Each structure stands twice: as structure tokens, then as C-alpha cells.
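Engineer: Please find the sequence and the predicted model below.
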2 protein chains.
Amino acid sequence: MTMYRPEIKVLDCTIRDGGLINDHNFEDGFVKAVFTALAASGVDYVELGYRNSDKIFSPDKFGKWKFCDEKHLKKIVDGIKNPPQLTTMVDIGRVDLGSIPKKKDSVVDVIRVACYVKDIDKAIDLTKRFTDKGYKTTVNVMAISTALQPALEEGLSDLSEAPIMAVYIVDSFGALYSEQVHFLVNLYKKYLNPKGIEVGFHAHNNQQLGFANTIEAIRKGANYLDATIYGIGRAAGNCPLELLLSFLKNPKFNLEPVLEVIEKEFLPLRKEIEWGYILPYMITGVLNRHPKAAMAFRKTADKDKSALFYRDQLAEEDAA
Amino acid sequence: MTMYRPEIKVLDCTIRDGGLINDHNFEDGFVKAVFTALAASGVDYVELGYRNSDKIFSPDKFGKWKFCDEKHLKKIVDGIKNPPQLTTMVDIGRVDLGSIPKKKDSVVDVIRVACYVKDIDKAIDLTKRFTDKGYKTTVNVMAISTALQPALEEGLSDLSEAPIMAVYIVDSFGALYSEQVHFLVNLYKKYLNPKGIEVGFHAHNNQQLGFANTIEAIRKGANYLDATIYGIGRAAGNCPLELLLSFLKNPKFNLEPVLEVIEKEFLPLRKEIEWGYILPYMITGVLNRHPKAAMAFRKTADKDKSALFYRDQLAEEDAA
């Protein structure tokens, strides 16, 4: 039941979460190679980026996958056999509703709304507007390892009334251990499953627990699972798709195209941009903090002095 | 109870398992730096190598940590404040009993006997001989992911009568998932705990589950835990010590010296020899096989062609 459950849906967010490393500047050839491999691998959904407003973020500073215009999306999916469903992500307060076409004029199937617990009601409002335009929606609750239980339960109660497919547990800081994953999946299920809403899980890999925590989420009943090719993603990255597909026994999944695209595209890319098990990211995970201090530290000449970074982080804790 | 249990003992086998990558050829300066950092980190045991016979293995071909002569061990531990207890490992049929001094003439505290399920009775015989010489002993049952349950239960029953401190679950192939770890720890406990023998866990990291599985073993009651600095070890390596110490809340453990020695010794070493999350090792883990085919593949010009390696491995499966 853990390894083969027909309800399980795998969503690859390689280009979306990976874009947080390089300001969403992936070349079309790379994105096409990724999408082609993912279609062959049998994943259910692919997320190519954010649909944020170009009035709020400058297209001079960010690549096209921060905005995901229809014309750019179409260029990627055109001609692909058996394409997975397409998703894009929006952030609260960074979306221009007027610029988003109706579903009948879009290649996008699902819009995922990312928010913190405090903004769940704003997220619900967005899901209603996207539903009115004809899209399916999810809500992805970030930084869940810092959420206080009463506020989270109130949010889940509100979400249970919303027109959404799934609500995700997003371990933004890579801080959760298995027992916490079990607790959160059970809590989400209690509010959401009776209303036909699924539980999703999005891991970060700061403590090498991204894949392990995803398995634990599956064991407890999460059916919407995020992963990325070779674990690419901000800072320590995400649950590696190749591991997740190896674990899942549904014969619709195919590992080989993922291995091929890692060899051709990701091994060269890893020499240009970094992600993965790097000690400052491990340290922010252990301390249950946003990786931004570690990301800044990795741009300094001291970048490998992880003991120094650890002492600095502990000193901040003392000052709090 | 999971994160702080006074009975938990951490054993670092950096030099012993890491030695499987470089034929045990670590320089004295490196080994001294490692041992010094480990003493400061508060780990309970340190394993510096194998105590195999120089009549069976040639000292021309293997470094000194394959043999662990007293004089070499003494040089490392001399002058270290609060040294951890010292362990060495022996393999069945590769040890020269006559060459091993009595405990009173040795700096070694514990001898760990590595064996497969089929050789458990030979291992028990060795533990008796080492006990007679004054040492504490453990038995480390390798390749546990391929053990058949009736033979394993018979072995555990025999081990429960042996003069040993602990019996280890050794996931040599990095193939176990959490539910299998739970099953095995419970099975070991049933036979061993009533006789005062502890359960140990030694992970390999082929599927990025080394640390996660070690946590799961702790949750179910394993108290002897192996780890290595920066996860060094054969093929994909082991449970990273820095992650394990971050997780355990016993204040006797200290992360900082481990971070320091990674920066000074392991980041440079990783440029010379490889270990960690490398796809051919991931594939042997998924397929529950010894990593030797992957280790050979990594020495060829095709070393990054993991899809090719995967197809070759599947073809072997068809032929079986």
C-alpha cells in the first residue's frame, strides 16, 4: 500500500524550484529536454515556474520562468507526446489576476498558491478566482516547521471549505523529522480528507531527509508528492525524483528517461550552479531557519567555513 | 526519548569504512586529525580499521589500517585528552588469532566481528576467543537486506547466548526502507534484549536514507549507532556523523569539531577520492545488490552513464 497506491500523484517542480537558484533563467533547450524526459517518465504534473506579475518583478532581472507567459509555456509543451498536466505557482500579493487568461485559453491545468499560515485566507480567495477562470488549484503552506498548531488548525478548517484539490505540507527549511511528518499528515487529513481534499508533501533536503520524509508522508496517506530531477532546488534542493520513482511500484512510472536527462543536462549544470548537501544549508535545517543566511554565506570567500557559520547562527539564537 | 536516550552510543567508523575506498591508505596526520576531532565531539567509540592478517592480505597492497598493529594505533591515540573507546573490526577467516595481543597489552577496547548470516556461528566462536583475551565484542551481520527470516532468527537465537555487547543490523547495500528497519529492529530486540544484548545499526547511503534509517532504528530501540564524518565510506558512504550528532540532544555531543575537520580534511579529500550520492550506487541500492558492479563501473570511461548501467543491471536480473 505504501509503494503502490493508484491515488498517488507525482508532481515534478524541477524548473520552478530549480529556478530559485538561477533567477528562473533556464534556456528553452534545457526546459524542453526536462519536459520531454518527464513526459516519458510518467509523472502526473510538471511545474515550469511562477506566474508572478511583471509589474512587480522586472523581466530585466528575472528569467521567463518567473512569469510563465502562455507563449513560452506553449513552446515547451508543443509536440510532446502524452504530456503531463501543467502547473504554475503564484505567491500571495505577487500575482496580476488580470493577466491570467481563462483556462480555455491556457495550456496550464493547475495553479498552486503558495502562502504562509497567516495568509491562508488570502490564498483561499485566490483559489476561488482561479477556479472561476476554470483552473484546478492547490494551496501550498510554506515554512510549516514554524507553524503554531492553533493557527494551522484554523487555517486547515478554512481550507477544508475551499474549492481545492490538495493542500501541501511544505517543509521549506528542511527541518522536519519523521515523527513530525506523521503528526502533520494526520492533522491535515483530519480536516481535509472528509471534504475530498488530498494532502500533499513538498520536502527540502537540508538534512538528507527529503526522500525519507516523502516516504513517511506516503505511509501516513499523503497522495500529492513533489520531487525534482537530481534533487535540484533552492539551497539543499528537494526530494530527488529518481529516488521517488524507484520507490513507487506503479508501472506507469519509468526511471530511465530521468537517468538519461541527469547525465545529459544535470551533471553539466551542477558544475555551474550549486544545490544539495552543503553544510551551511544543513545547519539552517538543523536550526529550523530559512536558508537565506546560508545562501548569502555561500557567496562569500568563507563559504566552506561551516563551523564559523554555525557559531554565527548560534550567536543570533542567543540574541533573540 | 528518540533524541535523548542516555543508553545511545555513537561509534564513528570513518577510518575503517572510509578505508574501503582507498585500500586503508590514510596518512597518520589525517587519522590523527580525525581522532582528535572525534574525541572533542564526544562520540563513544572510534573504529580505526580492520585487524586482518598480514599473512592473508599483503601489506604491500593495503595500507596500515587494514591490519591495525598496536604500534600504529598507539601513535594515533597517544596524548589525546578524553579519548573515545577504540574498536577494530575483523572478518571471518581473515584474522590471525595468534597475532592479537591480550586486552591488557592493547589500546583496543572492542573487537567487532563482521559476518554474513550463514557465518554467525563462526562469528560467535571468534567473540568467545576475543572475550577470553579480555576484549568486549559485537557481531555485525552484513547484507541484512538479503537475509531470509528463518536463518536470521536461528542466528539471532544463537547470538543471544554469546558473550557480546551488541548485534548490528548492517544495511550493506543501502537497500532498506523505514518499515523494514522497524521490522528488523523489533526482531533483533525480541531475541537480544532479554539477554541484555543491545541492537546496533549501520547504514549505507545509496538512497539518501542512511541518516533517516538510523533515526528509524533509534525510534524502535537500537542504541548502538554507526556513523562517519561527512558520510565517507564505501560507494555511497554511511550515515553522516554531523547529521546524527545534530539530531541527538545529549549535551555530551559537540558538532563543532566535526564541522571543523570536514572543512580542513574532508573537503580536500573529496576532490581526490569519491563517495556519496552517485547514481550507479543509487541503482544498486534500489536493486538490493552489492555495490561492487557500480564501483567497477565508476572506474570506466562510461562512469556517468547511469541509464546504461541501469539497463545492464536489469538485464542481469532477467538472466537470473
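Structural biologist: Happy to help now that I have it.
Engineer: and the closest residue to residue A:202 other than its chain neighbours, which of the three is it?
Structural biologist: Spatial nearest neighbour of residue A:202, excluding adjacent residues (CB to CB, 6 or more residues apart in numbering or on different chains): residue A:226 at 4.1 Å. All C-beta spots, glycine's among them, are computed from the backbone N, C-alpha and C. Here residue A:226 is recorded as strand under DSSP: H, G, I helix; E, B strand; the rest coil.
Engineer: Now do residue A:226: how many residues are near it, please.
Structural biologist: By other CB atoms under 10 Å in any protein chain shown, 28 other residues sit near residue A:226.
Engineer: Return the set of residues that bridge with it.
Structural biologist: Taking DSSP bridges as the rule, residue A:226 bridges to residue A:11.
Engineer: how far away is it from residue A:166?
Structural biologist: 11 Å (CB to CB, to the nearest Å).
Engineer: give me the low-pLDDT residue ranges for chain A?
Structural biologist: A:1, A:320 (pLDDT under 70).
Engineer: show me what contacts residue A:42?
Structural biologist: Contacts for residue A:42 (CB atoms under 8 Å, 6 or more residues apart in numbering or on different chains) come out as A:245, A:252, A:253, A:254.
Engineer: give me that answer again for 7 Å
Structural biologist: A:252, A:253, A:254 (CB atoms under 7 Å, 6 or more residues apart in numbering or on different chains).
Engineer: Residue A:100 now?
Structural biologist: Contacts of residue A:100 by CB under 7 Å, 6+ apart are A:51, A:133.
Engineer: And residue A:280, by the same measure?
Structural biologist: Residue A:280 neighbours (CB under 7 Å, 6+ apart): A:294, A:297, A:298, A:306, A:309.
Engineer: tell me the contacts of the second one?
Structural biologist: Taking CB under 7 Å, 6+ apart as the contact definition, residue A:297 lies against A:280, A:303, A:309.
Engineer: Turn those into CSV, columns for secondary structure.
Structural biologist: CSV is the format used below for the contacts of residue A:297 (three-state DSSP):
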residue, secondary structure
A:280, helix
A:303, coil
A:309, helix
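Engineer: Return the member of these nearest to chain B.
Structural biologist: Distances from chain B to those, taken as CB to the nearest CB, are shortest for residue A:309 (8.4 Å).
Engineer: Nearest residue to the closest one in space, please, no chain neighbours.
Structural biologist: Nearest to residue A:309 is residue A:280, by CB to CB, 6+ apart, at 4.8 Å.
Engineer: again with residue A:121
Structural biologist: According to CB to CB, 6+ apart, the nearest residue to residue A:121 is residue A:158 (6.2 Å).
Engineer: Look up how far chain B lies from the one you found.
Structural biologist: Taking CB to the nearest CB, to the nearest Å as the measure, residue A:158 falls 33 Å from chain B.
Engineer: which residues touch that residue?
Structural biologist: Counted by CB under 7 Å, 6+ apart, residue A:158 has contacts A:120, A:121, A:124.
Engineer: what about burial for these, which qualify?
Structural biologist: A:120, A:124 (16 or more other CB atoms under 10 Å in any protein chain shown).
Engineer: Please tabulate the contacts of residue A:158 in CSV and include secondary structure as additional columns.
Structural biologist: CSV is the format used below for the contacts of residue A:158 (three-state DSSP):
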residue, secondary structure
A:120, helix
A:121, helix
A:124, helix
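Engineer: Going by distance to chain B, which of the contacts of residue A:158 wins?
Structural biologist: Looking across the contacts of residue A:158 and measuring by CB to the nearest CB, the closest to chain B is residue A:120, at 29.6 Å.
Engineer: got a list of what that closest one touches?
Structural biologist: Residue A:120 neighbours (CB under 7 Å, 6+ apart): A:141, A:155, A:158, A:159.
Engineer: Keeping just the C-alphas, turn whichever strand or helix holds the third one into CSV.
Structural biologist: Assigning secondary structure by DSSP states H and E places residue A:158 in helix A:149-159. C-alpha atoms of helix A:149-159 as CSV (Å, rounded to 0.1, in the frame of the first residue of the first chain):
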residue,chain,number,x,y,z
GLN,A,149,-0.8,24.5,15.9
PRO,A,150,-3.9,26.6,16.7
ALA,A,151,-3.3,28.9,13.7
LEU,A,152,-2.6,25.9,11.5
GLU,A,153,-5.8,24.1,12.6
GLU,A,154,-7.8,27.3,12.0
GLY,A,155,-6.3,27.5,8.5
LEU,A,156,-6.9,23.9,7.7
SER,A,157,-10.5,24.3,8.8
ASP,A,158,-10.9,27.2,6.4
LEU,A,159,-9.1,25.3,3.6
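Engineer: got the buried residues for it?
Structural biologist: A:152, A:155, A:156, A:159.
Engineer: Provide the secondary structure category for residue A:219.
Structural biologist: Residue A:219 - assigned by three-state DSSP - is helix.
Engineer: residues near it, how many?
Structural biologist: Number of residues near residue A:219 (other CB under 10 Å) recorded here: 18.
Engineer: which non-adjacent residue is nearest it?
Structural biologist: Here the residue nearest residue A:219, using CB to CB, 6+ apart, is residue A:2, at 5.2 Å.
Engineer: In what element of secondary structure is the closest residue to chain B within chain A found?
Structural biologist: Nearest to chain B in chain A, going by CB to the nearest CB, is residue A:212, at a distance of 3.1 Å. Taking DSSP H and E as the criterion, residue A:212 maps to helix A:210-220.
Engineer: Which neighbouring elements make contact with that helix?
Structural biologist: Contact here means 3 or more CB pairs under 7 Å, 6 or more residues apart in numbering or on different chains; DSSP states H and E; on that basis helix A:210-220 packs against helix A:178-192, helix A:241-247.
Engineer: what does the stretch 1-150 of chain A put close to chain B?
Structural biologist: residue A:2 (CB under 7 Å from any CB of the partner chain).
Engineer: all helices for the stretch 1-150 of chain A, in order.
Structural biologist: Using DSSP state H, counting those that start in this stretch, the helices found in the stretch 1-150 of chain A span residues A:14-18, A:28-41, A:70-77, A:120-133, A:149-159.
Engineer: Could you identify which of the ones you listed is most buried?
Structural biologist: helix A:14-18 (a mean of 26; mean count of other CB atoms under 10 Å in any protein chain shown).
Engineer: what about that one, distance to the chain center?
Structural biologist: Mean-position distance between helix A:14-18 and its chain equals 8 Å (CA atoms, centre = their mean, to the nearest Å).
Engineer: try stretch A:219-232
Structural biologist: For stretch A:219-232, the distance to the chain centre is 9 Å (CA atoms, centre = their mean).
Engineer: could you dump that stretch to CSV, C-alpha only?
Structural biologist: C-alpha atoms of stretch A:219-232 as CSV (Å, rounded to 0.1, in the frame of the first residue of the first chain):
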residue,chain,number,x,y,z
ARG,A,219,2.9,6.0,4.6
LYS,A,220,0.5,8.2,6.5
GLY,A,221,-1.7,9.0,3.5
ALA,A,222,-0.3,11.9,1.5
ASN,A,223,-1.1,11.4,-2.2
TYR,A,224,0.4,14.5,-3.9
LEU,A,225,4.2,14.4,-3.9
ASP,A,226,6.6,17.0,-5.1
ALA,A,227,10.1,16.0,-6.4
THR,A,228,12.8,17.4,-8.7
ILE,A,229,15.3,15.8,-11.0
TYR,A,230,18.6,15.1,-9.2
GLY,A,231,17.1,16.9,-6.2
ILE,A,232,17.6,20.4,-7.8
